[in-house]
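**Q** Whatever this is, show me its structure:
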Amino acid sequence: MITIYHNPRCSKSRQGLAILEESGKEFKVVKYLDDNLNEEELSNIIKLLNISPIELVRKNEKIWKENYKGKELSDKDIINAMIENPKLIERPIVVNKEQAVVGRPPENINSII
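**A** Numbering: from 1, shown residues only. Next comes the predicted model:
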């Protein structure tokens, strides 16, 4: 099953959702701002993306700049920051079995569906 981690207020996330809808494939939507991810879920997504946690952070968010920027943070600290402040998570993220992509640009999603 394909899963999209979606923020309806984000235009790129809405474009990613449209790509999945047009694909005709079955998928589920996780509104991660409403249904917060836990450490295991987020760590698994990062592993599937094959990136480090800091690469999934939206570094231009006010929360990041005011609370985390310039600090010495471990990967676990960064993951916990994203769990506590899900707005920091880059979006959309699409997971299909053992593959995942960040839909920036949204066309990246086509590579795994």
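**Q** For this structure, which residues score under the pLDDT cut-off?
**A** For the chain, not a single residue meets the criterion pLDDT under 70.
**Q** mind listing the helices for it?
**A** Under the criterion DSSP state H, helices of the chain are mapped to 11-23, 39-49, 62-67, 75-84.
**Q** Let's have those helices in CSV, adding mean neighbour count and distance to residue 90.
**A** Heads up, the C-betas are built off the backbone N, CA and C, glycines and all. Below are the helices of the chain laid out as CSV (neighbours: other Cβ atoms under 10 Å; distance: least, Cβ to Cβ, whole Å):
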stretch, mean neighbour count, distance to residue 90
helix 11-23, 17, 9
helix 39-49, 16, 9
helix 62-67, 12, 11
helix 75-84, 16, 9
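**Q** Can you say which of these is nearest to residue 111?
**A** Residue 111 lies closest, by Cβ to Cβ, to one member of the helices of the chain: helix 11-23, at 10.9 Å.
**Q** Who are the packing partners of that closest one?
**A** Applying 3 or more Cβ pairs under 8 Å, 6 or more residues apart in numbering; DSSP states H and E, one finds that helix 11-23 makes contact with strand 2-5.
**Q** so how many other residues sit close to the residue nearest to residue 14 when sequence neighbours are not counted?
**A** By the measure of Cβ to Cβ, 6 or more residues apart in numbering, the closest residue to residue 14 outside its immediate chain neighbours is residue 8, 6.7 Å from it. Other residues within reach of residue 8, judged by other Cβ atoms under 10 Å, total 11.
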